[in-house]
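What follows is a predicted protein model with its sequence.
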Amino acid sequence: MANTPQFGFFHGTPGTQSLRPHDGRRSNLSLLLQSLYDEPQLTRADLARKTGLTKVTISDLVTELIEDGLILETGLSTTIRTGKPAVTLAVRDDTSDIIALDLAHPDRFRGGVLSLRGESRAEEVVSLDGELGDKALEAILDLIGRCIARATQPILGIGVGSPGIVDAEGTVIAAPRFNWADVKLQTIIAHRFHLPTVVQNDANVAVLGERAFGQAGPDVIRIQIARGVGAGLMLAGSLVLGATAAAGEIAHVVIEHQGSLCTCGKHGCLETWIAEPVLRARLDADSADRTAILQEAGRRLGIALSPIVGVLDIPEIIIGAPEGLIDESFLDACSQLITERTHTDFRRDITLKTSSLGDEAVLLGAVSLVLRTTLGVS
Ligand SMILES: [Zn+2]
């Protein structure tokens with residue numbers, strides 16, 4: 001089994017650290033790492049210019065990051081300046097592994113060993129047969145153990161995207177699918193494996209993945225269409241959890257007052273229109289009208305999203321959906337309805353597109369969760 005790395009600026013107790021850097025030095029180390037994530041091949045002088053820190057401070061911080069194995073010197077700058085050529089720096093991705101878990105699928109748990117750049121190094125999958133309660137928890141712990149066994153580098157941390165309402169401490173407040181209530185998943189994993197651990201709702205994790213490894217901007221909402229419907233909301237690059245950690249729980253917002261009965265007891269929830277099983281059943285029942293059905297479903301999603309776009313001035317919406325379920329007619333109808341309902345002279349049109357990360361969004365988001373928590377980079 002790989003060992004826990006002893007990074008100079010990771011001083012937190014596994015599983016209990018805050019999501020933001022605590023002190024000035026750690027904050028400066030994060031700032032440097034973020035700069036090199038955003039723009040590899042910077043020199044120490046470039047970093048001083050970009051960050052506003054003194055050259056002496058930069059030199060000191062760079063030495064620490066090199067000793068921690070997080071960055072390396074890559075060569076000489078090709079930019080011509082007076083004096084001798086300066087040495088360029090880049091983030092290393094060969095000295096640490098991250099364990100990422102995607103618990104979003106109804107029939108399996110996925111775990112991966114990934115690099116700091118999100119490259120997959122190994123994958124483990126556990127098939128599920130409706131496991132509930134402690135059995136589901138044991139399957140998760142077993143999966144993590146198997147992933148750790150396959151890691152070849154020190155493990156920076158464990159990131160988990162879980163169904164349900166998950167608070168800022170990684171406690172799953174409610175996940176009906178596993179019959180869980182107040183399961184302290186983050187603490188349980190951290191104590192079992194003695195590694196920095198962070199657990200968040202799968203839809204929230206997916207939007208982090210789009211930001212870090214897709215092309216998403218800092219203000220974005222990501223809708224996940226699956227057996228249910230979920231959303232992750234990011235504003236100014238930060239996840240929005242809400243007062244009860246239920247931000248993004250959009251599935252049971254009523255969008256049609258006389259609509260179909262929903263599993264929650266209300267009528268006409270968004271989920272009764274666009275959840276995968278419902279939409280597939282509609283398409284199978286009337287395959288001749290595929291485009292019309294998808295357009296209507298797209299408009300229903302637009303009805304739910306318009307007030308959110310109007311209030312928060314969100315410029316970008318990303319939709320994650322199972323392969324082949326929705327198409328351009330869905331996206332166009334949704335986009336058109338939102339534009340009709342929210343257009344003003346001062347607001348530009350929204351961008352609405354399908355996820356470029358597809359099935360990898362939650363795993364990559366779990367990597368981002370670990371990077372944000374342990375190194376302060378997004
Ligand atoms: Zn409902």
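Ah, there it is.

Quick check: closest non-adjacent residue to Val166.
Leaving out its chain neighbours, the residue that sits closest to Val166 by C-beta to C-beta, 6 or more residues apart in numbering is Asn201, at 4.4 Å. To be clear about C-beta, it is placed using only N, CA and C from the backbone, and glycine gets the same treatment.

Show the backbone phi and psi for that neighbour.
With angles defined as degrees, to the nearest 10, Asn201 shows backbone torsions of phi -60, psi 140.

Quick check: it touching Ile165?
Yes. With contact defined as C-beta atoms under 8 Å, Asn201 counts as touching Ile165 (6.8 Å).

Neighbour count for the two, which is higher?
Looking at Asn201 and Ile165 with other C-beta atoms under 10 Å, you find the greater number of neighbours at Asn201, namely 29 against 21.

Pull the number of nearby residues for Ala139.
Summarising burial for Ala139: neighbours were counted as other C-beta under 10 Å, giving 19.

now the helices: where do they sit in the chain?
Assigned by DSSP state H, the chain shows helices spanning 24-38, 44-51, 55-67, 133-150, 185-193, 202-213, 271-274, 276-285, 290-312, 328-342, 361-370.

Lowest mean pLDDT across those helices, which one is that?
Among the helices of the chain, helix 24-38 carries the lowest mean pLDDT, a mean of 88.

Which positions in that helix come out as buried?
Of all the residues in helix 24-38, those buried under the rule 16 or more other C-beta atoms under 10 Å are 26, 28-37.

try stretch 353-373
Using 16+ other C-beta under 10 Å as the test for burial, stretch 353-373 gives 355, 357, 360-373.

Return the member of those residues nearest to the ion.
Val362 (23.0 Å; C-beta to the ion).

Surely that closest one and Ala104 touch.
Yes. With contacts defined as C-beta under 8 Å, Val362 counts as touching Ala104 at a distance of 5.3 Å.

between these two, what contacts are shared?
Common contacts of Val362 and Ala104 (C-beta atoms under 8 Å, 6 or more residues apart in numbering): 161, 202.

how close does Ile326 get to the ion?
Between Ile326 and the ion the distance is 20 Å, computed by C-beta to the ion, to the nearest Å.

ok so, going back, could you pull out the residues contacting both of Asn201 and Ile165?
Taking C-beta under 8 Å, 6+ apart as the contact rule, Asn201 and Ile165 both touch Ala245.

check contacts around the closest residue to Ile140 other than its chain neighbours.
Take Ile140 and drop its neighbours on the chain: the residue closest to it by C-beta to C-beta, 6+ apart is Phe109, 6.3 Å away. The neighbourhood of Phe109, defined by C-beta under 8 Å, 6+ apart, consists of 101-103, 125-126, 128, 139-140, 143.

Write out the residues of the stretch 201-350 of the chain neighbouring the ion.
Where proximity means C-beta under 5 Å from the ion, the interface of the stretch 201-350 of the chain facing the ion comprises 252, 262, 264, 266, 269.

residues in contact with stretch 199-206?
So stretch 199-206 is contacted by 102-104, 159-166, 170, 172, 185-186, 189, 208, 222, 224, 230-233, 239, 241, 245, 248, 320, 355, 357, 361-362, 365-366, 368-369 (C-beta under 8 Å, 6+ apart).

so who does Gly170 touch?
With C-beta under 8 Å, 6+ apart, Gly170 has these contacts: 15, 160, 184-187, 197-200.

Please repeat the previous calculation with a cut-off of 10 Å.
15-16, 160, 162, 183-190, 197-200, 369, 373 (C-beta atoms under 10 Å, 6 or more residues apart in numbering).

Buried ones among the residues you listed?
Buried by 16+ other C-beta under 10 Å: 15, 160, 162, 183-190, 197-200, 369, 373, out of the contacts of Gly170.

Next, count neighbours for the closest residue in space to Thr272 that isn't next to it in sequence.
Once its chain neighbours are removed from consideration, Thr272 has its nearest residue in Ser260; the separation is 4.4 Å (C-beta to C-beta, 6+ apart). Neighbouring residues of Ser260 were enumerated by other C-beta under 10 Å; the total is 12.

Hmm, Ser260 is touching Ala281, no?
No. Checked against C-beta atoms under 10 Å, the pair Ser260 and Ala281 is beyond contact range at 11.0 Å.

Whichever residue of the stretch 51-200 of the chain sits closest to the ion and Gly228, how far apart?
Sorted by distance to the ion under C-beta to the ion, the residues of the stretch 51-200 of the chain start with Pro176, at 12.2 Å. When distances are taken as C-beta to C-beta, to the nearest Å, Pro176 and Gly228 turn out to be 10 Å apart.
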